[in-house]
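Enquirer: Dropping a prediction and its sequence here:
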Amino acid sequence: MKRILLASIAALALAGAASAQNTAPAPSKNPPPTVSISGNLELVRGVIGLKANGTSYLVPRLRQLVGFIKEIQEGAAVKLEGYAYPIPSEQGYAFFMPTKLSVAGKDYDLGQGGPGGPFGGKGRRGRGMMRGEGWEGMMGEGPRW
């Protein structure tokens with residue numbers, strides 16, 4: 001009876017360990033190619049975006065500029081350069097991370113958000129808002145409470 005119990009516990013532990021393996025493909029270290037799109041701004045699924053080349057691009061980063069660049073409004077003709085990230089679950093839709101904006105004859109450099117997105121896209125230790133430092137690099141050995 002003890003042998004059967006130990007064998008079943010060992011089998012369950014092995015099955016649990018095997019099922020906990022990460023089967024997702026590793027993220028690519030190569031950035032996607034820079035893409036240039038142009039069109040008129042519109043609301044796409046409740047987010048500022050535009051339609052070009054048969055794809056609806058969601059450009060959430062532009063909402064940060066709405067009060068600062070008065071030309072950014074619905075129907076404005078814009079040209080964007082940056083990185084396009086197709087949405088696998090939605091055919092015909094993609095997120096767009098712009099690095100350059102041209103509107104009303106003016107060019108705006110939006111900086112390098114990077115291929116991983118504005119916060120680095122590599123998790124807590126990635127390049128991004130805290131430059132990869134996390135709590136340890138920013139405040140010593142962790143939160144001091």
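Expert: Nice, I can see it.
Enquirer: What about residue 52, how many residues nearby?
Expert: By the measure other C-beta atoms under 10 Å, the count of residues near residue 52 is 19. No exception for glycine: its C-beta is placed from N, CA and C like everyone else's.
Enquirer: looking at it, it is touching residue 41, isn't it?
Expert: No. In this structure, residue 52 is not within contact of residue 41 by C-beta atoms under 8 Å, at 11.3 Å.
Enquirer: Residue 41 is in contact with residue 51, isn't it?
Expert: No. Checked against C-beta under 8 Å, the pair residue 41 and residue 51 is beyond contact range at 10.0 Å.
Enquirer: ok, those two, which is more surrounded?
Expert: residue 41 (20 against 14).
Enquirer: which residues touch that one?
Expert: 48-50, 62, 72-76, 78 (C-beta atoms under 8 Å, 6 or more residues apart in numbering).
Enquirer: so which of those comes closest to residue 8?
Expert: residue 49 (54.4 Å; C-beta to C-beta).
Enquirer: can you pull out the strands in this structure?
Expert: 34-40, 42-44, 47-52, 55-58, 77-86, 93-103, 106-109 (DSSP state E).
Enquirer: how about JSON lines for the ones you listed, with mean pLDDT and distance to residue 4 added?
Expert: Listed next are these as JSON lines, based on pLDDT from 0 to 100; distance: least, C-beta to C-beta, whole Å:
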{"stretch": "strand 34-40", "mean pLDDT": "93", "distance to residue 4": "61"}
{"stretch": "strand 42-44", "mean pLDDT": "90", "distance to residue 4": "60"}
{"stretch": "strand 47-52", "mean pLDDT": "91", "distance to residue 4": "58"}
{"stretch": "strand 55-58", "mean pLDDT": "92", "distance to residue 4": "56"}
{"stretch": "strand 77-86", "mean pLDDT": "92", "distance to residue 4": "51"}
{"stretch": "strand 93-103", "mean pLDDT": "92", "distance to residue 4": "53"}
{"stretch": "strand 106-109", "mean pLDDT": "92", "distance to residue 4": "69"}
